[in-house]
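Asks: What shape does this take:
(chains A and B)
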Amino acid sequence: NAGVTQTPKFRILKIGQSMTLQCTQDMNHNYMYWYRQDPGMGLKLIYYSVGAGITDKGEVPNGYNVSRSTTEDFPLRLELAAPSQTSVYFCASSTTGGNEQFFGPGTRLTVL
Amino acid sequence: AQTVTQSQPEMSVQEAETVTLSCTYDTSESNYYLFWYKQPPSRQMILVIRQEAYKQQNATENRFSVNFQKAAKSFSLKISDSQLGDTAMYFCAFIRLHTGANSKLTFGKGITLSVRP
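Replies: Predicted coordinates for the structure are as follows:
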């Protein structure tokens, strides 16, 4: 099993550009999550999904969108990138809400 | 809403010694899980240990153990026989035991642990 994979590993965007961060898991987990980690801080939840076709907002959803058309994939879309979105983004998955979350390796995004 | 507080930003320990990392949390829930995650320089988030709130017995995983004080809402991590590979940022995290909505981890700000040779 590859676990949770994320692409790309690094990306630099200009203000106003858009992009999609990809996340795929091969563990057949129902729950998937997107977090951002700002320097010196813990992770904050952006969006999460409890199954294909179901998504919900986390703590910091503004400026982002997600979709969950399959169990495996949970892409995060940034529209009109802003410097405040410079961060490291982590995708995670779990079998249920209370169980261990497995994290991807992260994407470091810089918006200039 | 739940909050997780890690008040120590940094700690340092000599190799082979024991260190304790502190964490407190605030919640009105009675059923929840607590976690310690490790984030080494590689940035990968790795689960260290998990504690179910309904269990009175403290969780242990090899050199890692917790002191879970439910009434005090305290959840500290003890690392015994510290190794150089333990150098990392450590995050305390909380999740409600609830499926569906609000099934999300709340993280503390983390503590940077350095193990000295």
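Asks: May I see the buried residues of the helix or strand harbouring A:Arg108?
Replies: Element membership for A:Arg108, per DSSP states H and E: strand A:107-111. Residues of strand A:107-111 classed as buried by neighbour count (16 or more other CB atoms under 10 Å in any protein chain shown): A:107, A:109, A:111. From N, CA and C alone the C-beta is placed, and that goes for glycine too.
Asks: and the closest residue to B:Tyr32 other than its chain neighbours, what does it touch?
Replies: Take B:Tyr32 and drop its neighbours on the chain: the residue closest to it by CB to CB, 6 or more residues apart in numbering or on different chains is B:Ala53, 4.8 Å away. Contacts for B:Ala53 (CB atoms under 8 Å, 6 or more residues apart in numbering or on different chains) come out as B:29-34, B:68, B:70, B:97.
Asks: so how many other residues sit close to A:Ser67?
Replies: Using other CB atoms under 10 Å in any protein chain shown, A:Ser67 is surrounded by 16 other residues.
Asks: The spatially most central residue of chain B - nearest residue in space that isn't next to it in sequence?
Replies: Closest to where the C-alpha atoms of chain B average out (CA atoms, centre = their mean) is B:Trp36, at 2.9 Å. Leaving aside its chain neighbours, B:Trp36 sits nearest to B:Val48 (4.3 Å; criterion: CB to CB, 6+ apart).
Asks: what residues does the strand or helix carrying that neighbour touch?
Replies: Following DSSP H and E, one finds B:Val48 within strand B:46-52. With CB under 8 Å, 6+ apart as the test, strand B:46-52 has contacts from A:100-101, A:103, B:33-40, B:58-61, B:64-66, B:68, B:75, B:77, B:90, B:97.
Asks: any idea how far the strand holding A:Arg108 is from the chain center?
Replies: Relative to its chain's centre, strand A:107-111 lies at 12 Å (CA atoms, centre = their mean, to the nearest Å).
Asks: What of stretch B:89-96?
Replies: Per CA atoms, centre = their mean, the centroid offset for stretch B:89-96 relative to its chain is 6 Å.
Asks: who touches it?
Replies: By CB under 8 Å, 6+ apart, stretch B:89-96 touches A:42-43, A:97-98, B:2, B:4, B:6, B:21, B:23, B:25, B:27, B:29, B:31-40, B:45, B:48, B:75, B:77, B:102-108, B:110-113.
Asks: The same query, at a cut-off of 7 Å, please.
Replies: Under the contact criterion CB atoms under 7 Å, 6 or more residues apart in numbering or on different chains, stretch B:89-96 has outside partners A:42, A:97-98, B:2, B:4, B:6, B:21, B:23, B:25, B:27, B:29, B:32-39, B:75, B:77, B:102-108, B:110-113.
Asks: how many neighbours does the nearest residue to B:Pro117 once chain neighbours are set aside have?
Replies: Once flanking residues are discounted, B:Pro117 sits nearest to B:Glu15: 5.5 Å by CB to CB, 6+ apart. B:Glu15: 13 surrounding residues under other CB under 10 Å.
Asks: check contacts around B:Glu15.
Replies: By CB under 7 Å, 6+ apart, the contact list for B:Glu15 reads B:82-84, B:115-117.
Asks: do the same with B:Lys109
Replies: Listed by CB under 7 Å, 6+ apart, the contact set of B:Lys109 reads A:41-42, B:6.
Asks: Most neighbours among those, please name it.
Replies: Within those, A:Gly42 tops the neighbour count with 21 neighbours, counted by other CB under 10 Å.
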